[in-house]
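K.L.:
Predicted model and sequence follow; I will ask about them next.
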Amino acid sequence: MATGLTAFLKRCQGQVDEYLEQLLPEGDTSLHRAMRYSLFNGGKRIRPALCYAAAELIGTPSPLTHRAACAVEMIHAYSLIHDDLPSMDNDDLRRGKPTCHIAFGEATAILAGDGLQALAFNVLSNGTFNPGLQLSMLACLSRASGPSGMVGGQALDLAAVNRHLELSNLEAMHRAKTGALIDASIELGALSTGSATAPQLSALRDYSRSIGLAFQVRDDILDVESGTEVLGKRQGADNALNKPTYTSLLGLAGAKAKLDELHEQSLQALEIFGSRADCLTEIAHFIVSRDH
């Protein structure tokens with residue numbers, strides 16, 4: 001990873017963690033502890049970093065940017081809790097630690113996910129900001145999180161077990177399940193500045209669609225090539241559940257070619273910004289080359 005990107009990601013992680021600590025301080029209940037356990041369990045904070053990078057590309061990050069970064073990470077954490085449940089992917093390891101339902105029980109884990117989802121919208125709706133801008137951002141996050149976005153993608157993912165999918169159906173599933181929240185992270189960052197233009201938002205959407213899908217393709221490749229200790233979760237989990245993946249449909253070489261294609265598309269989308277988009281360029285490089 002480039003030195004500049006390492007420093008940027010570290011700065012973003014520090015920023016969002018500081019605000020998350022304020023928004024969800026330590027508490028005494030099992031529910032509270034479960035929410036914090038899942039929110040502060042060593043995530044890379046890629047979605048908040050994308051939020052900050054988009055804001056810095058367009059203008060100046062604001063207090064609303066910090067709230068957006070926290071909200072997307074809360075939604076992400078909630079989605080992982082529910083994704084790991086016995087009724088979903090039935091995973092017992094997440095980032096090298098017991099999953100939330102293993103550590104706190106299934107019922108508490110479900111409620112912890114519910115709590116983080118509700119808190120995300122509370123965070124984004126509070127504060128003294130431009131009401132119209134805030135409403136647009138809430139609409140963006142709800143679209144990305146709901147039945148037309150992440151939750152819809154999760155439903156498609158469950159329905160795909162033991163079934164053959166065409167490549168177009170697999171892409172639609174992952175654009176919703178993984179890509180929608182990445183799209184929202186970037187759009188929310190840009191919107192939070194209050195100065196994003198329509199052409200800028202369009203270019204950023206093209207970029208996010210490419211890296212959102214690339215993120216999933218890289219996950220599928222790692223599920224074949226990497227190991228449980230490096231991944232921090234069970235290696236081969238999708239194969240064990242007989243889920244369609246890019247590697248199962250395209251083969252390992254074909255999945256790598258698809259990853260290269262998406263990477264190139266992401267870079268082309270940023271051309272209108274010139275060198276100002278260097279940070280987003282480096283994040284795209286990181287997403288397609290990460291090892292976990």
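P.N.:
Yep, that arrived.
K.L.:
Let's see the pLDDT reported for Q235.
P.N.:
Per-residue pLDDT puts Q235 at 51.
K.L.:
actually R290, not the one I wrote
P.N.:
Looking at R290, its pLDDT reads 86.
K.L.:
longest helix of the protein?
P.N.:
Longest helix of the chain, by residue count under DSSP state H: helix 198-225.
K.L.:
Which elements pack onto it?
P.N.:
Secondary-structure packing of helix 198-225 (3 or more C-beta pairs under 8 Å, 6 or more residues apart in numbering; DSSP states H and E): helix 46-58, helix 167-174, helix 180-192, helix 237-240, helix 246-269, helix 278-289. C-beta here means a position set from N, CA and C on the backbone, and glycine is covered the same way.
K.L.:
what about 7 Å?
P.N.:
helix 167-174, helix 180-192, helix 246-269, helix 278-289 (3 or more C-beta pairs under 7 Å, 6 or more residues apart in numbering; DSSP states H and E).
K.L.:
tell me which residues in that helix are buried?
P.N.:
200-201, 203-204, 207-224 (16 or more other C-beta atoms under 10 Å).
K.L.:
excluding its backbone neighbours, what's nearest G27?
P.N.:
Excluding the flanking residues, the one nearest G27 by C-beta to C-beta, 6 or more residues apart in numbering is R33, at 7.0 Å.
K.L.:
Distance of R209 relative to A253?
P.N.:
According to C-beta to C-beta, to the nearest Å, R209 stands 24 Å off from A253.
K.L.:
could you dump the helices and strands packed on helix 198-225 to TSV with mean neighbour count and distance to T65?
P.N.:
Shown next, in TSV, are the helices and strands packed on helix 198-225 (neighbours: other C-beta atoms under 10 Å; distance: least, C-beta to C-beta, whole Å):
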stretch	mean neighbour count	distance to T65
helix 167-174	18	27
helix 180-192	27	4
helix 246-269	18	21
helix 278-289	19	14
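K.L.:
and F121, which of those helices is closest to it?
P.N.:
helix 180-192 (12.4 Å; C-beta to C-beta).
K.L.:
what residue ranges in the protein score low on pLDDT?
P.N.:
Applying pLDDT under 70 to the chain flags residues 1-2, 226-242.
K.L.:
Recalculate using a threshold of 80.
P.N.:
Regions of the chain meeting the criterion pLDDT under 80 cover residues 1-3, 226-243, 291-292.
K.L.:
Distance check, E282 against L64.
P.N.:
As judged by C-beta to C-beta, E282 and L64 stand 25 Å apart.
K.L.:
Over to Q265?
P.N.:
From Q265 to L64 the distance is 29 Å (C-beta to C-beta).
K.L.:
how many neighbours does the residue lying closest to K177 once chain neighbours are set aside have?
P.N.:
Of all residues not flanking K177 in the chain, G153 sits nearest, at 2.7 Å (C-beta to C-beta, 6+ apart). G153: 23 surrounding residues under other C-beta atoms under 10 Å.
K.L.:
does G153 really touch A176, like I thought?
P.N.:
Yes: judged on C-beta atoms under 7 Å, G153 makes contact with A176 at a distance of 3.0 Å.
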